[in-house]
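Student: coordinates only, sequence not included:
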Ligand code: HMG
């Protein structure tokens, strides 16, 4: 008898109300725009004002996922927020979200941290929670929420972004089944990217981090293959989804994947390897990178933003087809796994498409962007913040300042 499928039953994105054009950033930094647009593959990046934080984005994404997929908050038995940009060293973002979404008192609630890997950890452990029989018919809500900040005039600056992805994990999921038997893991202590307790900004050894990511892909892939590489053969997969710190990284990752499968390009015919990469990348990776290119790196949610992009196409021909997912968190930890697009998933394309939100984002000029970056430095100790001063007056939930060491949230 086949085990009951478990996986992603609902998905939603929420992000900041403002963005920066990469061409504006390139002009301000005296960089050829081709570097950001083609070298990194980024078009725009979402910028969070001081009133938008990990909590507000997570709560909004969670609300959208529950409402768009008609899920009663009482059905949620586990809430996990994966983040590396939490708002407190002790108190989890998840417990704020628990209250804001009106979840049940007996819903277990916690935060996971391992750089960009936290949400994949939440997804796989939620699937295990259901498979183990602990859920008793309930569902898990896993939310990835982050603000990626490297600081002004740093090499990482063009790879910033902000946003949250919420996923409801359940049995007989409407969107994506996770193949728990084909999940491979990888861990290694490396200093490729980190953010010490005293810093608002991440430190990255950028080029080394790319190598660590690729090594982790190879390690996790071998673990998932478990001696049977044919089981993972990308030829028969409908799509290959990766953690996307910037769009070009997905191409580097896919090149690595094909090298793992077919042997190093140096040891094979270079022209043939290049043609294979171009064709495979164009069919299985590139079509689902538009959201990543316009939102930027959202850390824990980046892989799942690519999944939203795939599902929002509403392609009935993808139903029943398998795809791969690779999550990488610096430091580092990774999982490579297979999933299967659920029958009927294409019917939910409009419900999970964030395009209407993205269409009403406002463009920042460089001066406004730099002011926001400066103001964000001290935002945790400012007693009073006015969302309207950032043009945030659409009825959303915002961070409005900290008094007597207590963070306060309110609807504008
Ligand atoms: P850099 O040194 O500024 O850029 O850093 P570069 O010189 O390497 O150039 C980038 C690409 O642009 C190159 O292409 C250039 O050739 C090309 P590639 O050789 O890589 O294919 N280029 C141009 N293309 C067209 N026209 C031009 C032009 N000029 C150059 N005129 C770097 C880039 C990504 C390292 C930097 O932005 C950085 O440090 N970013 C942050 C770290 C990062 O994103 N690492 C990714 C892997 S680790 C990860 O994914 C985890 C992470 O998400 C964190 C977490 O887990 O929490 C970061």
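Tutor: Noted; the coordinates are in hand. Every value quoted in this text rests on a predicted model; they were computed, and no experiment measured them.
Student: who's in contact with the residue of the stretch 201-350 of the chain found nearest the ligand?
Tutor: Residue of the stretch 201-350 of the chain nearest the ligand, by Cβ to the nearest ligand atom: residue 206 (2.3 Å). Using the backbone N, CA and C atoms, a C-beta is placed for each residue, glycine as well. Counting by Cβ atoms under 8 Å, 6 or more residues apart in numbering, residue 206 makes contact with 155, 156.
Student: so residue 288 makes contact with residue 304?
Tutor: No: counting by Cβ atoms under 8 Å, residue 288 does not reach residue 304; the two are 11.2 Å apart.
Student: For the stretch 151-300 of the chain, list the residues in contact with the ligand, please.
Tutor: For the stretch 151-300 of the chain, the contact set with the ligand under Cβ under 6 Å from any ligand atom comprises 155-156, 158-159, 192-193, 204, 206-207, 209-210, 213, 243, 245-246, 248-249, 297, 299.
Student: ok, now the stretch 1-150 of the chain?
Tutor: Applying Cβ under 6 Å from any ligand atom, one finds that the stretch 1-150 of the chain approaches the ligand through 32, 34, 35, 38, 39, 40, 84, 115, 116.
Student: Neighbours of the fifth one, how many?
Tutor: Each residue near residue 39 was counted by other Cβ atoms under 10 Å, and the total is 14.
Student: Verify the stated contact: it with residue 248.
Tutor: Yes: with the criterion set as Cβ under 8 Å, residue 39 and residue 248 qualify as a contacting pair; they are 6.6 Å apart.
Student: Make a ChimeraX selection of the buried ones in the residues of the stretch 151-300 of the chain next to the ligand.
Tutor: Here is the ChimeraX selection string for the buried members of these, based on 16 or more other Cβ atoms under 10 Å:
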select :156,158,159,192,193,204,209,210,213,243,245,246,248,249,297,299
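Student: Please determine how far the closest residue in space to residue 3 that isn't next to it in sequence is located from the ligand.
Tutor: Closest residue in space to residue 3, ignoring its immediate chain neighbours: residue 131 at 7.4 Å, by Cβ to Cβ, 6 or more residues apart in numbering. In this view, residue 131 and the ligand are 27 Å apart by Cβ to the nearest ligand atom, to the nearest Å.
Student: quick one: contacts for residue 131?
Tutor: Applying Cβ under 8 Å, 6+ apart to residue 131 gives the contacts 3, 6, 180.
Student: what are the ranges of the strands in the stretch 251-400 of the chain?
Tutor: When assigned using DSSP state E, counting those that start in this stretch, the strands of the stretch 251-400 of the chain occupy the ranges 322-329, 333-341, 362-363, 397-403.
Student: Out of those strands, flag the one nearest residue 120.
Tutor: strand 322-329 (3.5 Å; Cβ to Cβ).
Student: What number of residues are in the vicinity of residue 125?
Tutor: 17.
Student: Also the one 10 residues further on?
Tutor: Residue 135: 20 surrounding residues under other Cβ under 10 Å.
Student: Take the strands of the stretch 251-400 of the chain and write them to a markdown table, including mean neighbour count, distance to residue 165 and mean pLDDT.
Tutor: Formatted as a markdown table, the strands of the stretch 251-400 of the chain follow (neighbours: other Cβ atoms under 10 Å; distance: least, Cβ to Cβ, whole Å; pLDDT from 0 to 100):
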| stretch | mean neighbour count | distance to residue 165 | mean pLDDT |
| --- | --- | --- | --- |
| strand 322-329 | 25 | 12 | 98 |
| strand 333-341 | 24 | 15 | 98 |
| strand 362-363 | 13 | 22 | 98 |
| strand 397-403 | 20 | 17 | 97 |
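Student: can you give me the helices for this protein?
Tutor: For the chain, helices defined by DSSP state H occupy the ranges 22-29, 33-34, 54-68, 93-100, 118-131, 206-225, 247-262, 270-284, 290-295, 302-312, 349-352, 355-359, 366-376.
Student: who has more neighbours, residue 288 and residue 304?
Tutor: Neighbour count, other Cβ under 10 Å: between residue 288 and residue 304, residue 304 has more, with 29 against 24.
Student: roughly how far apart are the residue nearest to the more buried one when sequence neighbours are not counted and the ligand?
Tutor: Spatial nearest neighbour of residue 304, chain neighbours left out: residue 165 (4.2 Å); criterion: Cβ to Cβ, 6+ apart. As defined by Cβ to the nearest ligand atom, residue 165 lies at a distance of 14 Å from the ligand.
Student: Spit out the contact partners of residue 165.
Tutor: Shown here is residue 165, whose contacts under the criterion Cβ under 8 Å, 6+ apart are 11-13, 61, 119, 143-145, 298, 300-301, 304-305, 308.
Student: wait, residue 410 sits on residue 395?
Tutor: No: using Cβ under 8 Å, residue 410 and residue 395 do not qualify as a contacting pair, with a distance of 11.1 Å.
Student: Between those two, which has more neighbouring residues?
Tutor: When neighbours are counted by other Cβ under 10 Å, residue 410 and residue 395 differ, and residue 410 comes out ahead with 12 against 7.
Student: and that one, what is it in contact with?
Tutor: When contacts are counted by Cβ under 8 Å, 6+ apart, residue 410 is found next to 397, 398, 400.
Student: Export the residues you listed as TSV, with columns for distance to the ligand.
Tutor: Formatted as TSV, the entries for these read as follows, by distance: Cβ to the nearest ligand atom, whole Å:
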residue	distance to the ligand
397	25
398	25
400	28
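Student: any idea which of the residues you listed is closest to residue 333?
Tutor: Proximity of the contacts of residue 410 to residue 333 was ranked by Cβ to Cβ; the top entry is residue 397 with 30.8 Å.
Student: And the residue lying closest to that closest one once chain neighbours are set aside, what's its pLDDT?
Tutor: Across the structure, with Cβ to Cβ, 6+ apart as the measure, the residue nearest residue 397 apart from its sequence neighbours is residue 56 (5.1 Å). The predicted local confidence for residue 56 comes out at a pLDDT of 98.
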